[in-house]
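Here is my input; please provide its structure:
(one chain, ligands or ions: 1)
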Amino acid sequence: MKEVREMICISCPLGCRLTIEKDGDNLKVSGNLCKRGEKYGIEEFTAPKRLVTSIVPVKDGKIRMVSVKTSDTIPKELIFPTLEILKTTIVEAPVKIGDVIVKNVLDTGIDIIATKSVNKI
Ligand code: SF4
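Next up, the predicted model:
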């Protein structure tokens, strides 16, 4: 049976409207202006992934929290388990932008990295 889904490609600001058609094992993407849209459509249809952003507390920091994100997209079903780990994570100042806050989160090969620098008090 044929399955059809529509979605917006979020790989660039153009936001192409994609149509993904699944017929048996075949996936066909249309509406994309470039190859990235095809990749996005297939991935979103078969195994959607997202970047995760959050904040974690900083001990002895000039500000109390530091913003963090995953170094790459992770499977959508791992978003909440990742946020659970971040709920119990505390870092110590100083923190530099790009510092690894959690290495290889949930054995994904993806790190949680700081997106801001925080100096020590
Ligand atoms: S298909 Fe290509 S051009 Fe269109 S939104 Fe996606 S990345 Fe941008």
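
Mind giving me the packing neighbours of the lowest-mean-pLDDT helix or strand in the chain?
Lowest by mean pLDDT, DSSP states H and E among the helices and strands of the chain is strand 49-50, with a mean of 91. Contacting strand 49-50 under the criterion 3 or more Cβ pairs under 8 Å, 6 or more residues apart in numbering; DSSP states H and E are the following elements: strand 74-75. Glycine gets a C-beta too; all of them are placed from N, C-alpha and C.

if we can go back for a sec, right, and the helix or strand after the least confident helix or strand of the chain?
strand 53-59 (DSSP states H and E).

and that next one, how far out from the chain's middle?
Average the C-alpha atoms of strand 53-59, do the same for its chain, and the two points are 17 Å apart (Cα atoms, centre = their mean, to the nearest Å).

Partner strands of that strand, with direction?
When pairing is defined by DSSP bridges, strand 53-59 lines up against strand 65-70 (antiparallel), strand 91-92 (parallel).
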